[in-house]
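Visitor: Let me see the structure of the following:
(2 chains)
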Amino acid sequence: MRKSSVPGEIIWYAASILIVMAVLFPIYWMFMISLKLPEEIFKSPPAWFPSVPQFSNYGALFSDGDVWSLWNSLVIAGVSTLIAMVLGTLCAYAIVRFKTGGDNFAIWILSQRMLPPIAVVFPIFLAYAAFGLSDSFPGLILLYTAFALPYTVWMMRGYLQDVPVELEEAALIDGYSHLEVLWKVTVPMARNGLIATAIFAFVFSWNEFLFALILTRTEVITFTVQISQYFGSQSTFWAKIAAMSVLGTLPVFFAVSLLQRYLVRGISLGAVKG
Amino acid sequence: MSDLKISGVHKHYGGVHAVKGVDLDVPSGEFTVLVGPSGCGKSTLLRCIAGLEDLDAGTIEIGNQDVTWKRPRDRDIAMVFQSYALYPYMSVSENIAFGLRARKMAEAEINKRVNQAAEMLGIGALLKRRPRELSGGQRQRVAIGRAIVRDARLFLFDEPLSNLDAQLRDEMRAEIKRLHQDLKRTMIYVTHDQIEAMTLADRIVLLRDGRVEQMGAPLDLFERPATRFVGGFLGSPKMNFVPAELSGSVLRLSDAVSLQLAKAPGGRGNAPVLLGIRPQHIFRAGDSANSLQPPVTIIADLVQVTGTRALVTFAIAGQTLIADLEVGPDCVTGGKIDVRFDINRAILFDPQTGQALAAPSEIRPRP
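Guide: Predicted coordinates for the structure are as follows:
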């Protein structure tokens, strides 16, 4: 490796620190706002730290029952991710190993996600109203599964293509069925890709706002919709918005931190495959 | 009793006719090698036997049972793959036991068989390791172990030594041969390496362009190739082919070189033929073999010394030939060497069709 000079290293580290600060500052600022008094939030010059940390901002979310929206998001994103992963993996396996649907089927599936979401909001709203699916767990789970499925099929297709077919053939000869081979050989081999895909699917459902806003009212409000309700015509509850945002960031933060090893490998694997 | 019977098997891949009506009957306990150049259909045929490819026509029987449309797991076969096909997230022991667990075998029996196989293959100390911690040769032993614990009726090998270096390949080849002697099971082995085919096989099935070109015992194919292709494919260095003119029982290679046959090959009269002679069947003139043929003086274009032998490249009537001769002081580029052709072991081919015209016994020189 090339030996770098001391000034070069200083510039390198300074630039790195600047980039990290630029990326982390909004998160820091969000966390600080969540602990501030209302008058400190827009203070000029800015208050970098709250004078007295207001944990009551978080307490209010619990006492008002707003945190249930996080539970709703968790259930909807978790279940839809699970279903999308199971169906998507089976579908991708069929495309990769049995050439189901021909060469362009996977692209056709992905093309379903090219449509601007707003274009289908109205028909879906009407259909959900007619079938009584509005403001229900099954309604949003069904919708998010449908949205996540093209991505999971597309991504899993790439990862499954990387699994050497001889491993599956050896297992077929050894006495396993196709479904057993998928479970015992293919899925463990594609584990990194599977985890990366699942995180993508989960994050998509977790962050979704538009459809949740249109299709929910009172029963299964997700945390993104809950945050939007803090913007009032008379006043905006910035501390609550920040506190809920912090809580909403935590599940994804922990999921990515715990599974970072697989995620990085999974993403790079997909990148190489193209 | 026959363990494998293949009748009229055809297989297409899109527009490519990969296997064109192959018939094959493999007796119980035989080591059959499917050999041929790349794209000849040998691996496709093996995959058809394994049930990994559906046939377009024909039938396959294993142990007198029609398995043409049976799933791979219902065929009572075990297979060793070129890429080893070991599961990287399992230990050696789990890899070997994987097929036994699929058949819901008792754990005690699984352990017994895994240990027996590991001992037989010399990998007993590696059972707890993962495949990535093994060398290429060790991995291939594990792959073979996974096949032999199954105690299947038919063992299939798909170019199992191709990924190994030359020295390891020689060792593993000997081990596979010994394994067959110990197990006495029917084995079908695919390779493109004619040395593997010659050394391992009880019977060679030489495939070309999806068809069986010739099948038989290795020495039969070596000594009596049915076509120019078989003669050229088996043997190293390759068989020499020299266009010649047949006049009665005299074979004229050039103005200066003529060979005397025992009798004229039937129905040829005076005609152009192709003489096929192996480098090992060209001797120094002083050697006793076939001394009745007149000596021919050759000029060495290229000499490759391999130890006690030298591969000498020379030309007759513009055709390049190679002779495998004992090393001598004349084995230098430009050196003049007197040699004799062992016409007893040469083959005449039809230059148009490539079919053999006469077996060596038919063209022995007169006493």
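
Visitor: Could you use CA atoms for every contact and neighbour count after this?
Guide: Fine.

Visitor: For residue A:65, the count of nearby residues, please.
Guide: By other C-alpha atoms under 10 Å in any protein chain shown, the residues close to residue A:65 number 10.

Visitor: how close does it get to chain B?
Guide: The spacing between residue A:65 and chain B, counted by C-alpha to the nearest C-alpha, to the nearest Å, is 46 Å.

Visitor: what residues are up against that residue?
Guide: Contact analysis of residue A:65 by C-alpha atoms under 8 Å, 6 or more residues apart in numbering or on different chains lists nothing.

Visitor: now do 10 Å
Guide: Residue A:65 sits next to residue A:59 when contact means C-alpha atoms under 10 Å, 6 or more residues apart in numbering or on different chains.

Visitor: Three-state assignment for it, please.
Guide: Using DSSP: H, G, I helix; E, B strand; the rest coil, the structure places residue A:65 in coil.

Visitor: Contact residues of chain B facing chain A?
Guide: With the criterion set to C-alpha under 10 Å from any C-alpha of the partner chain, chain B comes near chain A through B:47, B:50-52, B:71-89, B:97-104, B:143, B:146-147, B:150.

Visitor: So for stretch B:122-133, mean pLDDT?
Guide: The pLDDT scores in stretch B:122-133 average 92.

Visitor: residues in contact with the residue in the stretch 151-300 of chain B that chain A sits nearest to?
Guide: Per C-alpha to the nearest C-alpha, residue B:152 is where the stretch 151-300 of chain B lies closest to chain A, at 10.1 Å. The contact partners of residue B:152, taken as C-alpha under 10 Å, 6+ apart, are B:75-79, B:185-186.

Visitor: Just the buried residues of stretch B:126-133, please?
Guide: Across stretch B:126-133, burial judged by 16 or more other C-alpha atoms under 10 Å in any protein chain shown covers B:126-127, B:130-131.

Visitor: Which residue is the nearest non-sequential neighbour of residue 197?
Guide: You didn't pick a chain, so chain A it is. Leaving aside its sequence neighbours, residue A:197 sits nearest to residue A:152 (C-alpha to C-alpha, 6 or more residues apart in numbering or on different chains; 6.1 Å).

Visitor: Chain B was what I was after
Guide: In space, and not counting its chain neighbours, residue B:197 is closest to residue B:33: 5.8 Å by C-alpha to C-alpha, 6+ apart.

Visitor: could I get the strand or helix carrying the one you found in PDB with only the CA atoms?
Guide: Using DSSP states H and E, residue B:33 sits in strand B:31-35. Extracted in PDB, the C-alpha atoms of strand B:31-35 (Å, rounded to 0.1, in the frame of the first residue of the first chain):
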ATOM      1  CA  PHE B  31     -16.600 -49.400 -14.300                       C
ATOM      2  CA  THR B  32     -17.800 -47.600 -17.400                       C
ATOM      3  CA  VAL B  33     -16.200 -44.400 -18.600                       C
ATOM      4  CA  LEU B  34     -18.000 -42.000 -20.900                       C
ATOM      5  CA  VAL B  35     -15.300 -40.100 -22.600                       C
END
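
Visitor: Mind giving me the packing neighbours of it?
Guide: Packing contacts for strand B:31-35, counted by 3 or more C-alpha pairs under 10 Å, 6 or more residues apart in numbering or on different chains; DSSP states H and E, involve helix B:42-50, strand B:154-158, helix B:166-183, strand B:186-191, helix B:194-200, strand B:203-208, strand B:211-216.

Visitor: out of the ones you listed, nearest to residue B:324?
Guide: Within the helices and strands packed on strand B:31-35, the stretch nearest residue B:324 is helix B:194-200; the backing value is 17.0 Å (C-alpha to C-alpha).

Visitor: quick one: residue A:195 from residue A:263, how far?
Guide: As judged by C-alpha to C-alpha, to the nearest Å, residue A:195 and residue A:263 stand 6 Å apart.
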